[in-house]
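*Asks:* return a 3D structure for these sequence lines:
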Amino acid sequence: MATAAPPLIDQYHTASPAGRQSLELAFGTLYRAVVEGMWQTLETIPAAVWLLGTATAARRAGPRSVFWILLLIGLANAGIALFRVSGL
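*Replies:* Presented below is the predicted three-dimensional model:
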């Protein structure tokens with residue numbers, strides 16, 4: 001986004017109406033690929049794995065409340081990842 005979006009925004013100001021429409025399509029595609037595809041989907045998968053792994057470690061060495069909190073947050077992240085990947 002940081003590299004590709006600024007030129008699209010700069011070109012939008014001087015583009016013809018047809019050019020603006022194609023730039024809107026390109027920017028929308030870039031936005032969906034980066035923000036929805038990578039930042040909101042691919043970040044939840046490693047976060048869920050880390051939280052569930054940390055919960056397992058906390059189960060052995062830490063208080064029960066920490067285990068349950070990490071487990072619930074990890075399962076919620078895993079659910080969000082599955083929801084986003086499935087496209088529902």
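*Asks:* chain center to the helix or strand containing residue 85: distance?
*Replies:* Assigned by DSSP states H and E, residue 85 belongs to helix 64-86. Mean-position distance between helix 64-86 and its chain equals 15 Å (C-alpha atoms, centre = their mean, to the nearest Å).
*Asks:* contact partners of it?
*Replies:* The contact list for helix 64-86, computed with C-beta atoms under 8 Å, 6 or more residues apart in numbering, reads 36, 40-41, 44-45, 47-52, 54-55, 58-59. Every C-beta, even on glycine, is put in place using the N, C-alpha and C of the backbone.
*Asks:* recalculate using a threshold of 6 Å.
*Replies:* 41, 44, 45, 47, 48, 51, 52, 54, 55, 58, 59 (C-beta atoms under 6 Å, 6 or more residues apart in numbering).
*Asks:* show only the entries of the residues you listed found in helices.
*Replies:* 44, 45, 47, 48, 51, 52, 54, 55, 58, 59 (DSSP state H).
*Asks:* are any of the residues you listed buried, and if so which?
*Replies:* Neighbour-count burial (16 or more other C-beta atoms under 10 Å) is assigned, among the ones in helices among the contacts of helix 64-86, to 44, 45, 47, 48, 51, 52, 54, 55, 58.
*Asks:* now tabulate those residues in JSON lines and tack on distance to residue 18 and pLDDT.
*Replies:* JSON lines is the format used below for those (distance: C-beta to C-beta, whole Å; pLDDT from 0 to 100):
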{"residue": "44", "distance to residue 18": "38", "pLDDT": "85"}
{"residue": "45", "distance to residue 18": "39", "pLDDT": "86"}
{"residue": "47", "distance to residue 18": "42", "pLDDT": "90"}
{"residue": "48", "distance to residue 18": "44", "pLDDT": "92"}
{"residue": "51", "distance to residue 18": "48", "pLDDT": "93"}
{"residue": "52", "distance to residue 18": "50", "pLDDT": "94"}
{"residue": "54", "distance to residue 18": "52", "pLDDT": "92"}
{"residue": "55", "distance to residue 18": "54", "pLDDT": "93"}
{"residue": "58", "distance to residue 18": "58", "pLDDT": "90"}
